[in-house]
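*Asks:* Quick one: sequence and predicted model below, then my questions.
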Amino acid sequence: MIVVKNLRKSFGEVKAVNGVSFEARDGEITGLLGPNGAGKTTTLRMLYSLLPPDEGEIRIDGLDPTRDAMEIKRTLGVVPDSRGLYSRLTARENIRYYGELHGMDKQTIRERIDTMTRTLDMADFIDRRTEGFSQGQRVKVAIARAMIHKPQTVLMDEPSNGLDVMSTRALRDYIRNLKADGHSVVLSTHIMQEVAALCDRIVIIAKGEVAADGTAEQLLERSGCDSLEDAFVKLIGSEEGLLA
Amino acid sequence: MNGLSTVFRKEVRENIRDRRALFNSLLLGPLLFPLLFVGMMWFLESAEKERAEATLELPVIGAGYAPSLIRFLEQQGTEILPEPEDPEELVRSQEVPVVLRILPEYPEKWAEGLPAPVEVISDPSRQESNAPIRKIKGLLYAYGQQIGSLRLRLRGVSPQLASPVMVKDVDLSTPKSRAILAVIFLPYVLMITAFTGATHLAMDTTAGEKERKSLEPLLINPVPRWQIMTGKMLTTMVFAMASLALTLVSFRIVLPYMPVGAFGMDLTLGLETLLKILFVISPVAILAAALLTLLASFAKSYREAQSYMGLVILIPMIPSLIFMANPIKAEMWMMNIPLFSQNLLIGELIREEAVPLTWYALSIAGTLVIGLALAVVAATLYNRPKLIFSTS
């Protein structure tokens, strides 16, 4: 469960995030939708405590990232925009590294990797060096790496970036399973179909502010439009930077 | 501290698989430097020998004025060439290294028993003409001595009167201590190796990680950032030390093959000396790892980091170059100066001199304090979000 209230962050003159508030409940998928440069990544970075907010409050299962950074990092699983795998290590070694950084013991790490190799269908490449991996394989490893410690809350920044149709479908199935298991999932995207297909709640962010917030039906109703696409465009106020 | 050792183990594993790291740290320094230096000495020695043994071909102007001098030169193996038209031009255009001109007043002065003038025409700024110049001047001097003592004897004077002082050399140097003359460059090479051995690792684990975009995900793990950075620095240091150890072993193998001319030198590096040198220089590896990591952390990419490194590599060269240009006697206060103190100590170790323990202590402490201070700064550097995200 994530509660964000009136979050603000500036870089010099630029107000990247200018008063963002939303909630992400357990067992739900919350989508942060907005054009490129709307402040989604900055918001996520404040959630996973890599950036301190200028103002506002964040609570993740009651914890504050500015004070309990280490504690929060233990309960979070993050798939950042930059996948950043180590190309000279195998997929398994990449994942194991994160397990060790989480202080997990060898036996548990091995079992977790075996389980995730099955659920994410990674058996073909788990023991290959990640150099030359396809985008789909990279995302799978990045997800496995982020989920090694069974985090309650999962943050994903543009998870389907660069994926082909098949990989995207597999990814969506995986995210739905996380929801079914009671995780709180937050994903940021600039792709409307993604939120339409996945998200229970949609937080539309534009120019660092929340433009609208609610379920798909509520957004349709509020905008008075027939399709989500029109609703998004109307609520954001421009078509710029959005992808159907 | 679990995080620290996890980072260390992963970096070692990853970099052992990296050909560039292996090449830079474990191959370049250890192989290149020893072979380069010994090879260069071989080349210099053989070139010098060749020049010394070669017959001196000497164009002479006015050979007719001094037939006895010419005969003397010929007896000594000089080949006298006919008078050139423009001797200065001949030397300037490097066709011959040296031309001898016997001036017209030579016979007259000679007959009067006054110094008879000859000119040695050459360009000493051309290094390759130094040997022939030295040779002809030596011959002229010998001829002068010979004639001088003959003249004295003819006048019934003992030539010994002309040498009132007799100088004898009492040489206290030992084959070990003379070795430092041949390996004066060794401390210098080791100092550079400490840095070159650390360079690639320092850049790859910081700027490289940022460039490959793996730094952000890494920092989301519940490990304090100082532990992550220290793990990285430790890896860098271990590679620098490995580089140093291999370089020393490599020198131990090739040094005995170094041509050292007529001097009796003992160029074997004993195992004990080797270990002592490694021990003395290890704080430099820490200093190098910390300094290079610190600098590379500011860079956005490997390439940007590389552009800083060119300048940094000058740092270890400065004390060594000063010492090589102006050798001074080691004193206690100098032991506080990082890099310089190691230079002096390694010199003493090669000479197998007894070095006071306090000197070791001061040298290690002085370098360690600065190295650790830099390491502390480097370890906390990624507490600044600006440096983490500087690529995006």
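*Replies:* Thanks, I have the structure now.

*Asks:* Every contact and neighbour count from this point should use C-alpha atoms.
*Replies:* OK.

*Asks:* what's the neighbour count on A:Leu235?
*Replies:* A:Leu235 has 19 neighbours, counted by other CA atoms under 10 Å in any protein chain shown.

*Asks:* for the chain, what helix or strand is lowest in average pLDDT?
*Replies:* Since no chain was named, I'll use chain A. helix A:228-236 (a mean of 80; mean pLDDT, DSSP states H and E).

*Asks:* wait, chain B
*Replies:* helix B:175-182 (a mean of 74).

*Asks:* How about the secondary structure of the closest residue to A:Ala180 other than its chain neighbours?
*Replies:* Closest residue in space to A:Ala180, ignoring its immediate chain neighbours: A:Gly27 at 6.3 Å, by CA to CA, 6 or more residues apart in numbering or on different chains. Secondary structure for A:Gly27, judged by DSSP: H, G, I helix; E, B strand; the rest coil, is coil.

*Asks:* residue contacts, A:Gly27?
*Replies:* A:Leu178, A:Lys179, A:Ala180, A:Asp181, A:Gly182, A:His183, A:Ser184, A:Val185 (CA atoms under 8 Å, 6 or more residues apart in numbering or on different chains).

*Asks:* Could you check how far the second one is from A:Ser227?
*Replies:* Read it as A:Lys179. 25 Å (CA to CA, to the nearest Å).

*Asks:* Settle it for me: which of the two has more neighbours?
*Replies:* A:Lys179 (18 against 13).

*Asks:* need the contact list for the closest residue to B:Tyr382 other than its chain neighbours.
*Replies:* In this structure, B:Tyr382 finds its nearest non-sequential neighbour in B:Ile388, 6.3 Å apart by CA to CA, 6+ apart. Neighbouring residues of B:Ile388 by CA under 8 Å, 6+ apart: B:Lys210, B:Leu215, B:Glu216, B:Tyr382.

*Asks:* can you list those residues in TSV and add secondary structure and distance to A:Ala196?
*Replies:* Shown next, in TSV, are the contacts of B:Ile388 (DSSP: H, G, I helix; E, B strand; the rest coil; distance: CA to CA, whole Å):
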residue	secondary structure	distance to A:Ala196
B:Lys210	helix	34
B:Leu215	helix	32
B:Glu216	helix	29
B:Tyr382	helix	38
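
*Asks:* Top of those by number of neighbours, please.
*Replies:* B:Lys210 (25 neighbours).

*Asks:* just checking, it touches B:Lys300?
*Replies:* Yes: with contact defined as CA atoms under 8 Å, B:Lys210 counts as touching B:Lys300 (6.6 Å).

*Asks:* picking that back up, so which bits of the least confident helix or strand of chain B are buried?
*Replies:* B:Lys176, B:Ser177, B:Arg178, B:Ala179, B:Ile180, B:Ala182 (16 or more other CA atoms under 10 Å in any protein chain shown).

*Asks:* near chain A too, which of these?
*Replies:* With CA under 8 Å from any CA of the partner chain as the criterion, the buried residues of helix B:175-182 include none near chain A.

*Asks:* Identify, from these, the entry nearest to B:Leu28.
*Replies:* The shortest gap between B:Leu28 and any of the buried residues of helix B:175-182 belongs to B:Ala182, at 22.1 Å (CA to CA).

*Asks:* Give me the distance between A:Val139 and chain B.
*Replies:* Using CA to the nearest CA, to the nearest Å, one obtains 13 Å as the distance from A:Val139 to chain B.

*Asks:* tally of neighbours for that residue?
*Replies:* 25.

*Asks:* got the contact list for the one helix or strand it maps to?
*Replies:* Assessed by DSSP states H and E, A:Val139 sits inside helix A:135-147. With CA under 8 Å, 6+ apart as the test, helix A:135-147 has contacts from A:77-79, A:83, A:85, A:91, A:94-96, A:98-99, A:113, A:116, A:120, A:122, A:130, A:159, A:162-164, A:167.

*Asks:* Direction included, what does the next helix or strand along the chain from that helix pair up with?
*Replies:* Sequence-wise, the next helix or strand downstream of helix A:135-147 (DSSP H and E) is strand A:153-157. If you go by DSSP bridges, strand A:153-157 pairs up with strand A:76-79 (parallel), strand A:184-189 (parallel).

*Asks:* next helix or strand past strand A:153-157?
*Replies:* helix A:165-180.

*Asks:* Output the contacting helices and strands for that next one.
*Replies:* Applying 3 or more CA pairs under 8 Å, 6 or more residues apart in numbering or on different chains; DSSP states H and E, one finds that helix A:165-180 makes contact with strand A:184-189.

*Asks:* between the strand it packs on and helix A:165-180, how many degrees?
*Replies:* Here strand A:184-189 runs at an angle of 150 degrees relative to helix A:165-180 (axes from the mean of the first three to the mean of the last three CA atoms, to 10 degrees).

*Asks:* per-residue confidence averaged over strand A:184-189?
*Replies:* Across strand A:184-189, the average pLDDT comes to 94.

*Asks:* ok, residues contacting that strand?
*Replies:* Taking CA under 8 Å, 6+ apart as the rule, strand A:184-189 contacts A:1-2, A:24-34, A:40-41, A:152-159, A:175, A:178-179, A:195.

*Asks:* ok so, going back, out of the strands paired with strand A:153-157, nearest to B:Arg153?
*Replies:* So among the strands paired with strand A:153-157, strand A:76-79 is nearest, using CA to CA, at 102.0 Å.

*Asks:* Quick check: next helix or strand after that closest one?
*Replies:* Per DSSP H and E, the helix or strand that comes after strand A:76-79 is helix A:91-101.

*Asks:* residue closest to the middle of the chain?
*Replies:* Reading this off chain A. The centroid of chain A falls nearest to A:Met156 when counting by CA atoms, centre = their mean (1.5 Å).

*Asks:* how about the residue in the stretch 151-300 of chain B positioned nearest to chain A, what does it touch?
*Replies:* Residue of the stretch 151-300 of chain B nearest chain A, by CA to the nearest CA: B:Ser214 (3.7 Å). Counting by CA under 8 Å, 6+ apart, B:Ser214 touches A:Ser82, A:Arg83, A:Gly84, A:Leu85, A:Tyr86.

*Asks:* Scan the residues you listed and report the most crowded one.
*Replies:* Most crowded among the contacts of B:Ser214, counting by other CA under 10 Å, is A:Leu85 at 27 neighbours.

*Asks:* residues in contact with that one?
*Replies:* Taking CA under 8 Å, 6+ apart, one finds A:Asn94, A:Thr130, A:Arg138, A:Ala142, B:Arg212, B:Ser214 in contact with A:Leu85.

*Asks:* With adjacent residues omitted, what lies nearest to the residue in chain A that chain B sits nearest to?
*Replies:* Residue of chain A nearest chain B, by CA to the nearest CA: A:Gly84 (3.7 Å). Once flanking residues are discounted, A:Gly84 sits nearest to B:Ser214: 3.7 Å by CA to CA, 6+ apart.

*Asks:* Next: B:His200.
*Replies:* B:Ala21 is the one closest to B:His200 (CA to CA, 6+ apart), at 6.1 Å.

*Asks:* residue contacts, the residue nearest to B:Asp204 when sequence neighbours are not counted?
*Replies:* Leaving aside its chain neighbours, B:Asp204 sits nearest to B:Tyr302 (6.7 Å; criterion: CA to CA, 6+ apart). By CA under 8 Å, 6+ apart, B:Tyr302 lies in contact with B:Met203, B:Asp204, B:Ala207, B:Gly208, B:Glu211.

*Asks:* State the pair within these that is farthest apart.
*Replies:* Once CA to CA is applied, these give B:Met203 and B:Glu211 as the farthest pair, at 10.4 Å.
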